[in-house]
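>>> kindly return the folded structure for what I paste below:
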Amino acid sequence: MAERCGRRIRAGLAAHVFLFYFENEDTVTPVATATGHAGRAVAVGYAPGGITISRSGATAYVTGTISGTVTPIDTRSGRAAAPVSVGRYRYPVGIALAPSGGTAVVLDGYAGRITLIDTRTDKAAAPIKVGRFPIAVAFAAPFGSSFGLPFGR
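Just a heads-up that it's a prediction; the model follows:
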């Protein structure tokens, strides 16, 4: 579910459901839906727009649409790691993890590209041109290294 101002994104995990509330221009606030308890706001890139959570639930990855970054967050401590740059003005709006969890695919909306991030090193590879305004990504299971390219408009 997503809403424009004050976006809310849900991600289901095996034992927990987390709600991250995009509170203002540069933070997200985790909420444990089982208890309704809101954690402290976590600083991320400017204009958070997309989020995905690792299968283990240990790390959340948040895109900063204006800053052109992806910020990994340790979900246990609530601390953000150094943001990974995917390029200013590329407008990274979406993110998904490959089934293996080793690669994040970032949809760079305005740039018409995707950027792959190695989640073990938090390093971005060179962007891949896919066409205008990529909006979705799908993975071919069970092949964790294969991915479907986003469809463009």
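>>> mind checking which helix or strand the spatially most central residue of the chain is in?
The geometric centre of the chain, computed from its C-alpha atoms, lies nearest to residue 51 (CA atoms, centre = their mean), at 3.3 Å. Using DSSP states H and E, residue 51 maps to strand 48-53.
>>> same for that strand, what does it pack against?
Strand 48-53 is packed against strand 8-12, strand 27-32, strand 59-64, strand 92-97, with contacts defined by 3 or more CB pairs under 8 Å, 6 or more residues apart in numbering; DSSP states H and E. Using the backbone N, CA and C atoms, a C-beta is placed for each residue, glycine as well.
>>> select, out of these, the one closest to residue 71.
Proximity to residue 71 (CB to CB) singles out strand 59-64 among those, at 4.9 Å.
>>> direction included, what does the helix or strand that the closest one is followed by pair up with?
Following strand 59-64 in sequence order, the next helix or strand is strand 69-74 (DSSP H and E). Paired strands of strand 69-74, with direction, are strand 59-64 (antiparallel), strand 79-80 (antiparallel), strand 84-85 (antiparallel) (DSSP bridges).
>>> chain center to the second one: distance?
So the one you mean is strand 79-80. Distance, stretch centre to chain centre, for strand 79-80: 14 Å (CA atoms, centre = their mean, to the nearest Å).
>>> no further queries at this time; thank you.
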